[in-house]
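Trainee: give the three-dimensional model of this entry:
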Amino acid sequence: MKMSGGVEWALHCCVVLTAAPAPVPAGRLAELHDVSGSYLAKQLQSLSRAGLVHSVQGHAGGYRLTRPAGEITVLDVVVAVDGPQPAFVCTEIRQRGPLATPAEMCTAPCAISRAMAAAEHAWREALRAVTIADLAESVTGDYGPAVFDGIRAWLR
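Mentor: A predicted model of the protein is given here:
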């Protein structure tokens, strides 16, 4: 399953926001991740439209998570950025060509469509099982407990 690069940036931002004591401006998040501000702004807008982050206006404004990180899944972020459509869409190839199967014989999905649907389901369930809090905990495990202290200090 191929995801856009925006998913990666959006996930990184969500993990950083778990450590932020105050709303974080989009420009600051872009600087932290060394990515274009306009590119990151698109991902943040997608997260905002999906209700995963909230934009706070004003001098001390920026983005913050709308709910606890343990209630936001990786799948929520993927769907916010890349949309809900499945990775595979059956086009009923079996009904084409010189040996086409008649439409009336195609009342159930074919073996290929079933296999791809099962893979899609497993992939989505795996992403649904991981939260932003889980990712933050893994980051702490990978880099030590001071990693988020460093992020908080840098964001100030």
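Trainee: buried ones in the lengthiest helix in the chain?
Mentor: Counting by DSSP state H, the longest helix found in the chain is helix 111-128. Judged by neighbour count (16 or more other Cβ atoms under 10 Å), helix 111-128 contains these buried residues: 113, 116, 124, 127. From N, CA and C alone the C-beta is placed, and that goes for glycine too.
Trainee: all helices of the chain, in order?
Mentor: Using DSSP H, helices in the chain cover 5-19, 26-33, 37-49, 74-82, 111-128, 132-143, 147-155.
Trainee: now stretch 22-36: average pLDDT?
Mentor: Across stretch 22-36, the average pLDDT comes to 95.
Trainee: in stretch 6-20, what counts as buried?
Mentor: Those would be 6-7, 9-20, for stretch 6-20 by 16+ other Cβ under 10 Å.
Trainee: which residues does that stretch contact?
Mentor: Under the criterion Cβ atoms under 8 Å, 6 or more residues apart in numbering, residues 24, 29, 32-33, 35, 39-40, 42-44, 46-47, 52-53, 63-65, 69, 72, 74, 77-78, 80-82, 132-133, 135-136, 139, 148, 151-152, 155 lie in contact with stretch 6-20.
Trainee: can you select the buried ones from those in PyMOL?
Mentor: Buried members of these, defined by 16+ other Cβ under 10 Å, are picked up in PyMOL with:
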select buried, resi 24+29+32+35+40+43+44+46+47+52+53+63+64+65+69+72+74+77+78+80+81+82+132+133+135+136+139+148+151+155
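Trainee: give me phi/psi at Thr66?
Mentor: Main-chain torsions, Thr66, degrees, to the nearest 10: phi -90, psi -20.
Trainee: contacts only, for it.
Mentor: Counting by Cβ under 8 Å, 6+ apart, Thr66 touches 51-54.
Trainee: how much space between the residue of the chain most remote from its centre and Ala111?
Mentor: Residue distances from the centre of the chain (Cα atoms, centre = their mean) peak at Pro98, which lies 42.3 Å from the mean C-alpha position. Per Cβ to Cβ, to the nearest Å, Pro98 is found 21 Å from Ala111.
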